[in-house]
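Asks: Give me coordinates for this.
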Amino acid sequence: IADMEIGDMRYYYLHAPSLGKLGPSMNRPLISFFVCSPKIEIQATVKEKNMTLTKLKGSPCSDEYNKLYDNLKANKAIEAATKPYNEAFKLYNNVAKTPENLAKLKAAGDELDKLFKQKQLEITALIPKHRKSMPVAVMASLYTMSTDDVPKMEAFLKEFDPSIHNCYYLKQIQQKVNRLKSIAVGQQAPDFALKDLDGKLVNLASFKGKYVLLDFWAS
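Replies: Next comes the predicted model:
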């Protein structure tokens, strides 16, 4: 595909609709990978409506990512805890929605949450020694993109060397910082145009110098 980026380490997905829809699911109808060279070779297997990446050749950034990711201690614990969680999920949703089964599901979910937090701490601990590593930036960014805390995001960006700030996910965080700053209390409202009741296009900037009340609502 001609318009694929190969230098910013963004995720690409290969989805097989026949295996299921995108979104939360008990099966995995897609594989994800990084493209960091003009030519890559991908092999995948399909079993019980799950697609698994089995070979990715010509993507050195993926090799570095996988090496770092596979060494995370929490991964094995998460893998072990996922099976009882799935069993508890099926027991409650497909067999009987009893308080006992709900308690089992909650306990299994709490255990997974604890392990994912442990995994996040492991990834964060990698940053000081890998400030120029785009794979580490990708892993760590996924935990930072969900926040709206501007100082926290700015501090996170400073942890990485400027030479890798072209990383897709670091750029997404920077854009979010810029956007949140532009709409902060006390800042000038960004200009926009909407049609009035007569269908005439009206710009907010046309009211400059006047008191303006904006009423945002929805049906």
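Asks: what are the pairing partners of the worst-scoring helix or strand of the chain on mean pLDDT, and which direction each?
Replies: Within the chain, confidence by mean pLDDT, DSSP states H and E is lowest for strand 11-15 among all helices and strands, at a mean of 89. The pairing partners recorded for strand 11-15 under DSSP bridges are strand 30-34 (antiparallel).
Asks: which residues in this structure form helices?
Replies: 60-70, 74-90, 99-126, 134-144, 150-158, 168-182 (DSSP state H).
Asks: deepest of those, which one?
Replies: Of the helices of the chain, the one with the most neighbours on average (mean count of other C-beta atoms under 10 Å) is helix 134-144, at a mean of 22. For the C-beta atoms, the positions are set from N, CA and C on the backbone; glycine is no exception.
Asks: Now do that helix: which elements does it pack against?
Replies: helix 60-70, helix 99-126, helix 150-158, helix 168-182 (3 or more C-beta pairs under 8 Å, 6 or more residues apart in numbering; DSSP states H and E).
Asks: Could I get these in a markdown table, plus columns for mean pLDDT?
Replies: Shown next, in a markdown table, are those (pLDDT from 0 to 100):
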| stretch | mean pLDDT |
| --- | --- |
| helix 60-70 | 93 |
| helix 99-126 | 95 |
| helix 150-158 | 96 |
| helix 168-182 | 95 |
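Asks: Between those helices, which one is closest to Leu30.
Replies: Closest approach to Leu30 among those is made by helix 60-70 (15.8 Å; C-beta to C-beta).
Asks: Show me what that closest one packs onto, helices and strands only.
Replies: On a contact count with 3+ C-beta pairs under 8 Å, 6+ apart, helix 60-70 meets strand 30-34, helix 134-144.
Asks: Need the residues that contact the last one.
Replies: Read that as helix 134-144. 9, 61, 64-65, 68-69, 120, 123-124, 126-127, 130, 152-153, 156, 160, 164, 167-170, 172-173 (C-beta atoms under 8 Å, 6 or more residues apart in numbering).
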